[in-house]
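# let's see this in three dimensions:
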Amino acid sequence: MTNNFEKLIEQEKAEAKEICSIEGDGSKHCAAAWDAVEELQAAASHQSKAVKKNSLQTFCDDNPEAAECRIYED
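The predicted structure is shown next:
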């Protein structure tokens, strides 16, 4: 999945560079294009920090009625 983000980020960077070369570095369109790049980079960063499930959590997602997956409240 990270590879997909890398491709998207590279595409957005190329687009941002093109827009800035046409519109100028101080233009609103240029700033918006670089904002899009930053948003993708942030999304990629957040996704890489996602907590991975262990085997029991995966099992319980698939079998919530199993005895091992019961949740008891105090």
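# poorly predicted segments of the chain, please.
Counting by pLDDT under 70, the ranges of the chain that qualify are 1-2, 48, 50.
# and the helices in it, which stretches?
2-23, 28-48, 55-62 (DSSP state H).
# residue furthest from the geometric center of the protein?
For the chain, the C-alpha farthest from the mean C-alpha position belongs to residue 74; by Cα atoms, centre = their mean, that distance is 36.9 Å.
# before we move on, back to that, let's have the helices of the chain in a markdown table, adding mean neighbour count and distance to residue 70.
(C-beta placed from N, C-alpha, C; glycine too.) Converted to a markdown table, the helices of the chain look like this (neighbours: other Cβ atoms under 10 Å; distance: least, Cβ to Cβ, whole Å):
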| stretch | mean neighbour count | distance to residue 70 |
| --- | --- | --- |
| helix 2-23 | 14 | 35 |
| helix 28-48 | 14 | 31 |
| helix 55-62 | 11 | 9 |
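# what's the closest of those helices to residue 69?
Closest to residue 69 of the helices of the chain is helix 55-62 (Cβ to Cβ; 3.7 Å).
# does anything pack onto the closest one? Which helices or strands?
The helices and strands touching helix 55-62, judged by 3 or more Cβ pairs under 8 Å, 6 or more residues apart in numbering; DSSP states H and E, number zero.
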